[in-house]
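# 3D model of this:
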Amino acid sequence: MNLIFSAITLGFLGSFHCVGMCGPIALALPLKRDSVTSKISGAILYNVGRMFTYALLGLLFGLVGQSFVIAGYQQALSITIGVAILILVLFSSKISGKFKTTAFIYSAIGKLKQKLSSLFKKSSYSSLFLIGTLNGLLPCGLVYLGIAGAIATGNGLQGSLFMAIFGFGTLPAMLTLALLGNAISINFRNKINKVIPFFVVSMALLLILRGMNLGIPYISPEMSSTKPLCHKCCKE
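Numbering: from 1, shown residues only. Modelled structure (predicted):
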């Protein structure tokens, strides 16, 4: 339950950061403007496309986390992800400068942007949905945090749900931006951006507590740290 709350809060608070990062895409959407209904439907389809991609990423990385759980490393996984998030938040400026985009990733992002550019020339519901799905694949620090949360769920379906709810949390701000333009002031966005690191740290601490197996309901529930055994192999 706490992870689900974290997902929607991360999505909602992070969406104001997304307004700055993905705002140009949302503002340039080829929405049908012949009626209010068509315009709203197109904006919703774009955002549904984003949430669809997030859910697929959650499923994929949730299965990665599930493999650790099956191997009996659920506690270590939760603590490791929590510590990694803390390090990234506290030392992001020092860490970011040490990593360079590889040629492969740079090429993939370039092709993704080319595909997006071609879709913007089409004013159809299908193109709006595809713009949303491809937009969900663009590099984004907040999406990476969502993926970390999906891994921490230790389950494919729960990871998918986590990311879908994260995407749903971004819906109010992104939908408002697509329909009303720059309705969200820069000052308001800056104030929200100052809150995000504190919430991310709280999320990291929650993951660490969750992995410490303290027996605290909802915060640090007991979880098995041993590898599952076949009952036929166990001695009675």
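
# report how many residues lie close to G181.
11 (other Cβ atoms under 10 Å). Where C-beta positions appear, they are placed from N, C-alpha and C, glycine not excepted.

# and the gap between it and L29?
Taken as Cβ to Cβ, to the nearest Å, the spacing of G181 relative to L29 amounts to 11 Å.

# over to N213?
Distance of N213 to L29, given as Cβ to Cβ: 47 Å.

# same check on F120?
If you measure F120 against L29 using Cβ to Cβ, the figure is 8 Å.

# just L60 next, same as before
Applying Cβ to Cβ, the value for L60 to L29 is 27 Å.

# the two: which is more packed in?
Neighbour count, other Cβ under 10 Å: between L60 and L29, L29 has more, with 22 against 16.

# please name the nearest non-neighbouring residue to V83.
If you skip the residues right next to it in sequence, V83 has I208 as its closest partner in space, 6.6 Å away by Cβ to Cβ, 6 or more residues apart in numbering.

# over to I147?
Spatial nearest neighbour of I147, chain neighbours left out: F61 (5.0 Å); criterion: Cβ to Cβ, 6+ apart.

# for that neighbour, give me the backbone phi and psi.
Summarising the backbone geometry of F61 under the convention degrees, to the nearest 10, its torsions are phi -80, psi -20.

# with G154 instead?
phi 70, psi 20.

# what about it, how many neighbours?
Look at G154: counted by other Cβ under 10 Å, it has 22 neighbours.

# give the next helix or strand downstream of the lowest-mean-pLDDT helix or strand in the chain.
Scoring the helices and strands of the chain by mean pLDDT, DSSP states H and E places helix 92-96 at the bottom, with a mean of 62. Proceeding N to C from helix 92-96, the next assigned helix or strand is helix 103-119, under DSSP states H and E.

# list the buried residues in the very next helix or strand once past that next one.
Toward the C-terminus, helix 103-119 is succeeded by helix 125-135 as the next helix or strand (DSSP H and E). For helix 125-135, the buried set under the neighbour-count rule, 16 or more other Cβ atoms under 10 Å, comprises 127-135.

# just the residues you listed now: which is nearest T37?
The shortest approach to T37 among these belongs to L128, at 14.1 Å (Cβ to Cβ).

# so G11 makes contact with G146?
Yes. Using Cβ atoms under 8 Å, G11 is in contact with G146, at 7.4 Å.

# which neighbours do those two share?
The overlap between the contact sets of G11 and G146 (Cβ atoms under 8 Å, 6 or more residues apart in numbering) consists of F166.

# who are the contact partners of the closest residue in space to I131 that isn't next to it in sequence?
Among residues not flanking I131 along the chain, L119 sits closest, at 5.0 Å (Cβ to Cβ, 6+ apart). Under the criterion of Cβ under 8 Å, 6+ apart, the contact partners of L119 comprise 127, 130-131, 134.

# just to check, the residue nearest to I147 is in contact with A150?
Yes. The pair F61 and A150 passes the contact test of Cβ under 8 Å, sitting 4.6 Å apart.

# having no further points to raise, I will conclude here.
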